[in-house]
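> sequence and predicted structure, then a few things I'm wondering about:
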Number of protein chains: 2
Amino acid sequence: MTRHQLNATAASLLGFLHDGPLTGWDLVQTAQREIGDFWSLTQSQVYRELAAMAEAGLVEAGERGRRERRPYSLTEAGRAAFAEWVGREPGAETIRFPLLLTVLFGRHLPAGRLAEFLEAHRAVHAGRLADYERQHRDAVAAGAVDAAPYAVATLEFGLAYERAVLDWFDRLPSAINRDGARDGTAPAGPR
Amino acid sequence: MTRHQLNATAASLLGFLHDGPLTGWDLVQTAQREIGDFWSLTQSQVYRELAAMAEAGLVEAGERGRRERRPYSLTEAGRAAFAEWVGREPGAETIRFPLLLTVLFGRHLPAGRLAEFLEAHRAVHAGRLADYERQHRDAVAAGAVDAAPYAVATLEFGLAYERAVLDWFDRLPSAINRDGARDGTAPAGPR
DNA sequence: TGGTACATGTAACATGTTACATGATTAG
DNA sequence: CTAATCATGTAACATGTTACATGTACCA
């Protein structure tokens, strides 16, 4: 039981363990699926947090199963620590968006380069939006709006976010957006 | 000249130094104003990166001025390193939004608590949106759309983002949003 | 003369990233 | 048999956060 101000990553793992024991691997998959879109984490971190929480008595490692699987389960202390954490005022969000740095410093880029970056990123966001829309359709069809309203709400955040980002891409002035000003010669033509 | 794969934070500092020498303090202010909304950084980091970049020959410390101010200026190596960085494909954005974790785990919260959090955060975002809108009006009035289109574009990202977030807050189902289900007794009344 | 904003920096620690090492099991 | 996937973990390092220590200059 070392010093422990539960961090959000660790707390989330405890959150997932409320539905039953999970292995590190399971937790990585679950976390990436459930919160990966607004809370990035890596496999390494999960194992490290699990080890630390086991040390602190917040989780307990069970018997190894097939393939060396080692399930962790929530202890009473873990349940209490989670409850304490979830009741605390959540902190401000942090966004780190490298593309916007590149945009801000766009005047240092050769003509068209920025437009290439923008196009590539736009495609990624369009793909993500399409994926969220599919997930949302499925969720609604499955009745998740009543059954799992909290998960639907976070998914809807993703939808709102991706729509806003796409809209931003589409409203960028052509001076920034077109791979244009390409020496003032012919436009790039349809894609 | 130690090993150096320029990171985005350091690169941004170099970016700002293109407009002339700045002290650590200046850089902290500038960075927080220009990129703070989509690239968080702290004062400590700035001084550390400056020291590392001075060591690596990317910047040069000048004479101390009044109040121990120590201006840093860009070297040729720094200019080259920045140019290399800005031409690289920007990485994916990372978002870390603690409130969404709390929402996802909302079923573990006592009734009304989540609604309090949502209300507090909504207010923060509303304030930020108002601020962006004011900045944007000022920028447009000052002719920045032509003079500083890149900065305006990043500001417009902020606008799009905050509008999307507010819209999301406003569309949350009342089961999540109202400080409601408060024992099923009387609603909290108008705000 | 005392408080506040300016200004620089360090230390200690927490968190995040990348790369690697190792082995089990399954599908083809 | 062998490649892919499942699964756990460590090591090394980079980055981010918080707290503190120190001192300057302005202004009320």
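That came through, no problem.

> where does the prediction get shaky in chain A?
A:1-4, A:65-67, A:179-191 (pLDDT under 70).

> near DNA strand D, which residues of it show up?
When proximity is defined as C-beta under 7 Å from any atom of the strand, chain A approaches DNA strand D at A:23-26, A:43-44, A:47-48, A:50-51, A:67-70, A:94, A:96. For glycine as for every other residue, the C-beta is placed from the backbone atoms N, C-alpha and C.

> which ones are touching the residue most central in space within chain A?
The residue lying closest to the centre of chain A (C-alpha atoms, centre = their mean) is A:Asp37, at 2.1 Å. Each residue near A:Asp37 by C-beta atoms under 8 Å, 6 or more residues apart in numbering or on different chains is listed here: A:Thr154, A:Gly158, B:Ile95.

> which one of the residues you listed is nearest DNA strand D?
Distance to DNA strand D, by C-beta to the nearest atom of the strand, is smallest for B:Ile95 among the contacts of A:Asp37, at 13.0 Å.

> for chain A, which segments count as helices?
A:8-17, A:24-34, A:43-55, A:76-86, A:98-104, A:113-141, A:144-147, A:149-171, A:174-177 (DSSP state H).

> just checking the distance from the fifth one to the centre of its chain.
The gap between the average C-alpha position of helix A:98-104 and the chain average comes to 20 Å, counting by C-alpha atoms, centre = their mean, to the nearest Å.

> highest neighbour count among the residues of chain A next to DNA strand D?
Highest neighbour count within the residues of chain A next to DNA strand D: A:Leu50, with 22 neighbours (other C-beta atoms under 10 Å in any protein chain shown).

> contacts only, for that residue.
Taking C-beta under 8 Å, 6+ apart, one finds A:Leu13, A:Gly24, A:Leu27, A:Val59, A:Tyr72 in contact with A:Leu50.

> give the bridge partners for the last one, please.
As for beta bridges, A:Tyr72 partners with A:Leu22, A:Ala61 under DSSP bridges.

> isn't it up against A:Asp26?
No - assessed by C-beta atoms under 8 Å, A:Tyr72 is found out of contact with A:Asp26, at 9.1 Å.

> the closest residue to A:Trp168 other than its chain neighbours: neighbouring residues, count only.
The shortest distance from A:Trp168 to any non-neighbouring residue, by C-beta to C-beta, 6 or more residues apart in numbering or on different chains, is to B:Ala160 (4.3 Å). When neighbours are defined as other C-beta under 10 Å, B:Ala160 has 20 of them.

> next: A:Leu58.
28.

> what of A:Glu89?
Neighbour count for A:Glu89, taken as other C-beta under 10 Å: 12.

> what of A:Thr75?
Neighbours of A:Thr75 using other C-beta under 10 Å come to 18.

> how far away is it from DNA strand D?
Going from A:Thr75 to DNA strand D by C-beta to the nearest atom of the strand, to the nearest Å gives 17 Å.

> ok, now A:Gly106?
Applying C-beta to the nearest atom of the strand to A:Gly106 and DNA strand D gives a distance of 21 Å.

> residues in contact with the spatially closest residue to that residue that is not a sequence neighbour?
Distances taken as C-beta to C-beta, 6+ apart put B:Tyr150 closest to A:Gly106, at 4.3 Å, once the chain neighbours are dropped. Shown in contact with B:Tyr150 (C-beta under 8 Å, 6+ apart): A:Val103, A:Leu104, A:Phe105, A:Gly106, A:Arg107, A:Ile176.

> if I look at the closest residue to A:Arg107 other than its chain neighbours, how far off is A:Ala115?
With sequence-adjacent residues excluded and distances taken as C-beta to C-beta, 6+ apart, A:Arg107 is closest to B:Tyr150, at 6.2 Å. The gap separating B:Tyr150 from A:Ala115 is 13 Å, by C-beta to C-beta, to the nearest Å.

> so for the two, which residues contact both of them?
Shared contacts of B:Tyr150 and A:Ala115, counting by C-beta under 8 Å, 6+ apart, come down to A:Ile176.
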